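> have a look at this prediction, sequence included:
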Amino acid sequence: MSNTQAAMTHPQTVITADEEVPAIRIVREFNASRDKVYRAHTDPEILVKWLGPRSVEMEVGFWDCRTGGSYRYLHHRDGDDGAEEYAFHGCFHEVRPDRLVQTFTYEGYPDGVSLETMILEELDGGRTRLTINSIVESFETRDMILASGMETGVVEGYEQLDELLVEAGA
Amino acid sequence: MSPQQAMAEQLSQVFAALADPIRRDIVARLAVDDATVTELAEPYDVSLQAVSKHLKVLGEAGLVSRTRDAQRRPVHLEAEVFDLATKWLERYRRQAEERYRRLDEILAAMPDIDKESGEES
């Protein structure tokens, strides 16, 4: 397939803000088997290595990853006014290699909860497509989420991109 | 209200304004050129009043403006505000992309598990 080459270098994340319901959809493909992508989402030792932004250290409080289980984790960061801590928790509603459904709450805004449905699809060539649908209670909350975390990222992202390019020998 | 909340509020208004198919169509047409309310209403099977209502929503979101003094009072698209919504979504997308580049690295280094062994420490 002609687009395979481009996809092999960097599969790009696609984000959609739904117009009808307060939802965010994320689609991303990975050059790895579904089993690996699934493990990276369910094994806390792997998860802490990639989930949080680089500027935070992720600490798992508890992690009972099974249908009906629950989790809590924290992000630690050295802010301008000392150490900052952000806590998140939720329940695992459904845990299957092809489907992970969980709730997610930022404890700084305990009334807010999103329902996250992750679909893991096996593609040709040992690749995997991840589709995440996150739905919240209102458009206002959804748009706050879209607007949040703007302070993190851009610089970090380019640093990491540089590292990746060095590793790739480009 | 923090600047971030204010921006989130504006973004909410922009997304809400763009949630309606007629309003999206109006924005698409105004991207080509300014137009009067009558001109904008032409292709739709709705009253001028209904179109005015749509324009009010777009106006409150800062997406369109109307010249007060000109007789025709054409409607003008505020492209900067329209771009803002796109930029925010792009920023969010970039963050997700950074996260998944980290995951790419980890997946690449992950050994294949022999299902029979089932030994994980």
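Sure thing, it's come through. Numbers count the residues shown, from 1 in each chain, chains lettered A, B, ... in the order given.

> where in chain B is pLDDT low?
B:1-8, B:68-71, B:113-121 (pLDDT under 70).

> need the residues of it near chain A, please.
By Cβ under 8 Å from any Cβ of the partner chain, the residues of chain B that approach chain A are B:4-5, B:7-9, B:11-12, B:15-16, B:18-19, B:88-89, B:91-108, B:110, B:112-113. To be clear about C-beta, it is placed using only N, CA and C from the backbone, and glycine gets the same treatment.

> report the buried members of these.
B:7-8, B:11-12, B:15-16, B:18, B:88-89, B:91-107, B:110 (16 or more other Cβ atoms under 10 Å in any protein chain shown).

> residue closest to the middle of chain A?
What sits nearest the mean C-alpha location of chain A, by Cα atoms, centre = their mean, is A:Leu51, with 5.8 Å.

> backbone dihedrals for the nearest residue to it once chain neighbours are set aside, please?
Leaving out its chain neighbours, the residue that sits closest to A:Leu51 by Cβ to Cβ, 6 or more residues apart in numbering or on different chains is A:Met58, at 6.1 Å. Dihedral angles of A:Met58 (phi, psi; degrees, to the nearest 10) stand at phi -100, psi 130.

> contact partners for residue 42?
Looking at chain A here, since you left the chain open. A:65, A:95, A:100 (Cβ atoms under 8 Å, 6 or more residues apart in numbering or on different chains).

> for the first one, give me phi and psi.
Translated: A:Cys65. Here A:Cys65 shows phi and psi, under degrees, to the nearest 10, equal to phi -90, psi 80.

> that older thread, so which of the contacts of A:Thr42 wins on neighbours?
A:Leu100 (22 neighbours; other Cβ atoms under 10 Å in any protein chain shown).

> what's the host helix or strand of that residue in contact with?
Assigned by DSSP states H and E, A:Leu100 belongs to strand A:99-106. Outside strand A:99-106, the residues that touch it by Cβ under 8 Å, 6+ apart are A:38, A:41-42, A:71, A:86-95, A:112-120, A:134.
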